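1. coordinates only, sequence not included:
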């Protein structure tokens, strides 16, 4: 009897151990499942954040640390009551192509984000808050993009009230352009360091090709205006500029406008659903070294 009782007790002991081990294994399996679920949720949240980032943060302005040390700051207001070293402009979640003639003539008269229905516009200031005269360089570039949107995007950059227009050059290495029989009103605000608008004639056809004539249905070349966009400096660099001798408390005003130009041959259905991100950075330069180069 005693031996049978001991055998039963030993069996019960091992049985309890097996039950306990089984419970622990179940807990471990459940814990792993919960951890996997949590990870999937976090990945989903990060994915959603990434989507919103592309849609909402497509224009970023930054001041290089070297320029910060000199006391140069950004602001979205002329009163400079919100000094920043980084600014973000809001994007459009969706838009249609438009023509440059649809851009309001007072586009440079606002502050901060002032997007229209089918264009993005952002105005900001760069001010020397330091105690010495400085010179700086700015670079306007394409950050991220998809579906070839950058091929049809046109960018207008105002500096202190004067604008320049930029677009990627055509496949034949000639500038993007468009044509009208009336002078484009926005040309009244053009920085004419580079000729943007040219009156054509039979003797001077500019960049007008037979393909352009056929595509646009042009009947008379005499009296036709050719609006020329400045080509991007590279695939990603739109333009670069140097500003010299900025005295303490002096500032420059910038407005960046971007839209999908309907007259651009690359503005096709294939780019629907794409996006483009612009970046503008400012950094200190040594004028003497720049001149030597």
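-> Cool, got the structure. Just so it is clear, the model here is predicted, and its values are computed rather than measured.
2. alpha carbons only for contacts and neighbour counts from here, please
-> OK.
3. what segments of the stretch 151-293 of the chain are strands?
-> Secondary structure of the stretch 151-293 of the chain (DSSP state E, counting those that start in this stretch): strands located at 153-159, 162-167, 177-180, 197-199, 225-228, 230-231, 237-246, 251-260, 276-284.
4. and the longest strand for this structure?
-> strand 134-145 (DSSP state E).
5. what's the angle from that strand to strand 237-246?
-> Inter-element angle recorded for strand 134-145 and strand 237-246: 160 degrees (by axes from the mean of the first three to the mean of the last three C-alpha atoms, to 10 degrees).
6. how distant is strand 134-145 from the center of its chain?
-> 11 Å (C-alpha atoms, centre = their mean, to the nearest Å).
7. same question for it, mean pLDDT?
-> Mean pLDDT, computed over strand 134-145, is 94.
8. tell me which residues are up against that strand.
-> 67, 70, 128, 150, 236-247, 274-287 (C-alpha atoms under 8 Å, 6 or more residues apart in numbering).
9. around residue 285, how many other residues sit close by?
-> Neighbours of residue 285 under the rule other C-alpha atoms under 10 Å: 18.
10. quick one: the nearest residue to it once chain neighbours are set aside and residue 219, what's the gap?
-> Distances taken as C-alpha to C-alpha, 6 or more residues apart in numbering place residue 136 nearest to residue 285, at 5.2 Å, with adjacent residues excluded. Going from residue 136 to residue 219 by C-alpha to C-alpha, to the nearest Å gives 47 Å.
11. higher neighbour count, those two?
-> Neighbour count, other C-alpha under 10 Å: between residue 136 and residue 219, residue 136 has more, with 18 against 9.
12. what bridges to that one?
-> Legend: beta-bridge partners of residue 136 under DSSP bridges are residue 243, residue 284.
13. ok, back up a step: of the contacts of strand 134-145, buried ones?
-> Buried members of the contacts of strand 134-145, scored by 16 or more other C-alpha atoms under 10 Å, are 67, 70, 128, 150, 236-239, 246-247, 275-285, 287.
14. burial measure for residue 179, as a count.
-> Neighbours of residue 179 (other C-alpha under 10 Å): 23.
15. return the set of residues that bridge with it.
-> Bridge pairing for residue 179 (DSSP bridges) gives the partners residue 226.
16. so it sits against residue 223, correct?
-> No. The pair residue 179 / residue 223 is not scored as a contact, 10.4 Å apart, by C-alpha atoms under 8 Å.
17. buried sites along the longest strand of the chain?
-> Going by 16+ other C-alpha under 10 Å, strand 134-145 has these buried residues: 134-142, 145.
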